[in-house]
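>>> Provide a 3D model corresponding to the input given below.
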Amino acid sequence: MKLVVGSPGTWSGMALRVSQFVFAGASMCAMVTAPSNSNYSAFFYMNFTMGLQLLWSLGLACVDIFTIRNKKDLHNWEIVSLIVFGDWIMSVFAFSGVCASASLMILFAEDMNFCRIYWRLPCDQFVLSITMASIVWSLDAASSLSGFWLLVSFF
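Presented below is the predicted three-dimensional model:
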């Protein structure tokens with residue numbers, strides 16, 4: 001079995017999960033505090049996926065903390081395959097939410113000039129939330145890639 005950076009039950013895996021948790025929480029806070037965010041389904045979907053990501057990464061960070069503290073080994077193929085499958089699902093959800101929200105912001109800011117015309121529209125908060133969510137997606141892609149690499153090393 002290989003020691004893969006970012007794999008479950010390691011310090012680097014815990015750092016990835018905590019980073020995902022922090023950025024997902026920051027993305028949710030930026031979107032929730034923005035007025036009139038509930039009028040657009042793309043922003044609602046991204047906020048929903050960041051909420052799911054918040055719960056998923058918090059749960060796996062707690063598992064990582066438990067395994068590091070008690071010096072347990074999470075590296076068996078059943079647990080790793082479950083974590084990799086969950087990471088893939090969360091990565092697809094996060095990517096689709098980020099892409100939908102970013103395309104809506106491109107429509108607002110560049111194509112329709114809503115951000116210049118309607119000055120009360122909080123475009124800066126929307127962009128900040130989308131940026132944080134894209135960081136969450138990149139961290140989730142890194143953790144799922146390291147989990148997949150570990151899963152392949154079992155066979």
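>>> Now do the buried residues in the lowest-mean-pLDDT helix or strand in the chain.
Here the helix or strand of the chain ranked lowest by mean pLDDT, DSSP states H and E is helix 114-117, holding a mean of 89. For helix 114-117, burial by neighbour count (16 or more other C-beta atoms under 10 Å) applies to Cys115. Glycine gets a C-beta too; all of them are placed from N, C-alpha and C.
>>> Quick one: residues in contact with stretch 129-144.
With contacts defined as C-beta atoms under 8 Å, 6 or more residues apart in numbering, stretch 129-144 is touched by 6, 13, 16-17, 19-20, 23-24, 26-28, 30-31, 34, 43, 46-47, 49-50, 53, 84, 87-88, 90-91, 94-95, 97-98, 101-102, 105.
>>> That stretch - what's its average pLDDT?
The pLDDT scores in stretch 129-144 average 95.
>>> What of stretch 44-64?
Stretch 44-64 comes out at a mean pLDDT of 96.
>>> Send over that stretch as PDB, restricted to the C-alpha atoms.
Only the C-alpha atoms of stretch 44-64 are listed here, as PDB (Å, rounded to 0.1, in the frame of the first residue of the first chain):
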ATOM      1  CA  PHE A  44     -29.700  28.500  -5.000                       C
ATOM      2  CA  TYR A  45     -28.300  25.300  -6.500                       C
ATOM      3  CA  MET A  46     -24.700  26.400  -5.800                       C
ATOM      4  CA  ASN A  47     -25.600  27.300  -2.300                       C
ATOM      5  CA  PHE A  48     -27.300  24.000  -1.800                       C
ATOM      6  CA  THR A  49     -24.200  22.100  -3.100                       C
ATOM      7  CA  MET A  50     -21.900  24.100  -0.900                       C
ATOM      8  CA  GLY A  51     -24.200  23.100   2.100                       C
ATOM      9  CA  LEU A  52     -23.800  19.500   1.100                       C
ATOM     10  CA  GLN A  53     -20.100  19.900   0.700                       C
ATOM     11  CA  LEU A  54     -19.900  21.600   4.100                       C
ATOM     12  CA  LEU A  55     -21.500  18.500   5.700                       C
ATOM     13  CA  TRP A  56     -19.500  16.000   3.700                       C
ATOM     14  CA  SER A  57     -16.100  17.600   4.400                       C
ATOM     15  CA  LEU A  58     -16.900  18.200   8.100                       C
ATOM     16  CA  GLY A  59     -17.800  14.500   8.500                       C
ATOM     17  CA  LEU A  60     -14.700  13.300   6.700                       C
ATOM     18  CA  ALA A  61     -12.500  15.800   8.700                       C
ATOM     19  CA  CYS A  62     -13.900  14.300  11.900                       C
ATOM     20  CA  VAL A  63     -13.100  10.800  10.600                       C
ATOM     21  CA  ASP A  64      -9.600  11.900   9.800                       C
END
